[in-house]
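In: what follows is a predicted structure for the sequence shown.
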Amino acid sequence: MEPTNQNKHQAFQQDQKNRGRLLITCPDQRGIVAAVSQFLATHQANIIESSQYSTNPEGGDFFIRIEFECPDLDSKKTLLQEEFETIAQRFSMEWTLSFVHDLKRAAIFVSKELHCLRELLLEWENEDLVMDIPLVVSNHPEAKNFVESFGIPFVHIPANKNNRQEAEQQQLKLLEEHDIDVIILARYMQILTPAFVETYSEKIINIHHSFLPAFVGAKPYDRAFDRGVKLIGATSHYVTNDLDEGPIIEQDIKRVSHRDQVEDLKKNGRIIERSVLVRAVRWHVDDRIIVHDNKTIIF
Ligand SMILES: Nc1nc2c(c(=O)[nH]1)N[C@@H](CN(C=O)c1ccc(C(=O)N[C@@H](CCC(=O)O)C(=O)O)cc1)CN2
């Protein structure tokens, strides 16, 4: 029996049962929008939202996100995917077709700093972040009571640089068992191995506590203080093997001054981190992000 939190968004799912989303990347050329629109019309779908971007209409890359309503969508899923493949091949498209009813299943990873975890769970609790959270994983025990108070399973797997492989074996087994779509590193302070990153490519979202590319790696606030910065920030990005250099999803900043000590930078930084991560996760679960050339297009 799934934990009670897994039925949390049933009203939303019922309301969105006929809602689909197409994300497309392809070489720019005439006829793309016409072909996709015709495909949707042929299947009685009505376009609710459409947004596109071209790097160069004379021969660049084209990106489009279309959200649509389609009667009896559940019974048409396989047909739509099979028939769209013909159009995709004609235009050399990379594409995803997703169904809003099928909520993303997010695993949250956390270490000792819990402010980002708290923000995610509170947003989820008030249904401003619509996803399932089958589990929270931590390499420290502190978050257990808070997480379980939401009816969400908490798993403590002690992970550090000396037992990384063994810890990740346990983590990956859990992620597979829970059919996880996206992993959120909510100030999880362990570097993931290439094997882990490859398994969940473009599906691991991190919050880094600096305005990247400044202060990559550990202890960015201490280094920012030593540098005498006048701005601090936070960056949410997809995780790659290049530490904190994955595609940036969202950033924000705040002014600081010589009067601010390291603890003041951290206190102000936590406010930025929380809001930046929630926006990044919301855009991901709403299928509003395309990754291209280590950058993101946000619709
Ligand atoms: N493969 C990747 N793993 C992680 C990334 C990434 O971009 N690629 N981002 C980090 C998050 N992070 C900063 O935001 C970060 C976390 C931890 C460290 C670090 O040096 N950790 C040490 C151990 C520290 C400790 O045990 O207290 C280590 O793992 O050896 C640097 C940056 C998350 N993972």
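Out: That came through fine.

In: spatially nearest residue to the residue in the stretch 1-150 of the chain positioned nearest to the ligand, not counting backbone neighbours?
Out: For the stretch 1-150 of the chain and the ligand, the shortest gap (C-beta to the nearest ligand atom) falls at Ser111, measuring 7.3 Å. In short, each C-beta sits where N, CA and C put it, glycine included. Nearest in space to Ser111, with sequence neighbours left out and distances taken as C-beta to C-beta, 6 or more residues apart in numbering, is Met189 at 4.3 Å.

In: what residues are up against Thr296?
Out: Applying C-beta atoms under 8 Å, 6 or more residues apart in numbering, we find Thr296 in contact with Tyr238, Pro247, Ile248, Ile249, Ile289, Ile290.

In: residues near the closest residue to it other than its chain neighbours, how many?
Out: Spatial nearest neighbour of Thr296, excluding adjacent residues (C-beta to C-beta, 6+ apart): Pro247 at 4.9 Å. A count of neighbours around Pro247, defined by other C-beta atoms under 10 Å, yields 18.

In: from Ala214, how far off is Pro247?
Out: 17 Å (C-beta to C-beta, to the nearest Å).

In: which of the contacts of Thr296 has the most neighbours?
Out: Ile249 (24 neighbours).

In: and that residue, that one's in a strand?
Out: Yes - read with DSSP: H, G, I helix; E, B strand; the rest coil, Ile249 is one of the residues of a strand.

In: tell me the contacts of the closest residue to it other than its chain neighbours?
Out: Closest residue to Ile249 apart from its sequence neighbours, by C-beta to C-beta, 6+ apart: Ala280 at 4.1 Å. Shown in contact with Ala280 (C-beta under 8 Å, 6+ apart): Ile205, Ile207, Ser236, Ile249, Glu250.

In: in what element of secondary structure is Ala280 found?
Out: helix 262-285 (DSSP states H and E).

In: buried ones in that helix?
Out: Of the residues in helix 262-285, 265-266, 268-270, 272-274, 276-285 count as buried by neighbour count, 16 or more other C-beta atoms under 10 Å.

In: one more: stretch 131-147?
Out: 131-140, 143, 146-147.

In: again, but for stretch 190-206
Out: For stretch 190-206, burial by neighbour count (16+ other C-beta under 10 Å) applies to Gln190, Leu192, Phe196, Val197, Thr199, Tyr200, Glu202, Lys203, Ile204, Ile205, Asn206.

In: span of that stretch from start to end?
Out: Terminal residues of stretch 190-206 are spaced 11 Å apart (C-alpha to C-alpha, to the nearest Å).

In: distance from that stretch to the middle of the chain?
Out: 12 Å (C-alpha atoms, centre = their mean, to the nearest Å).
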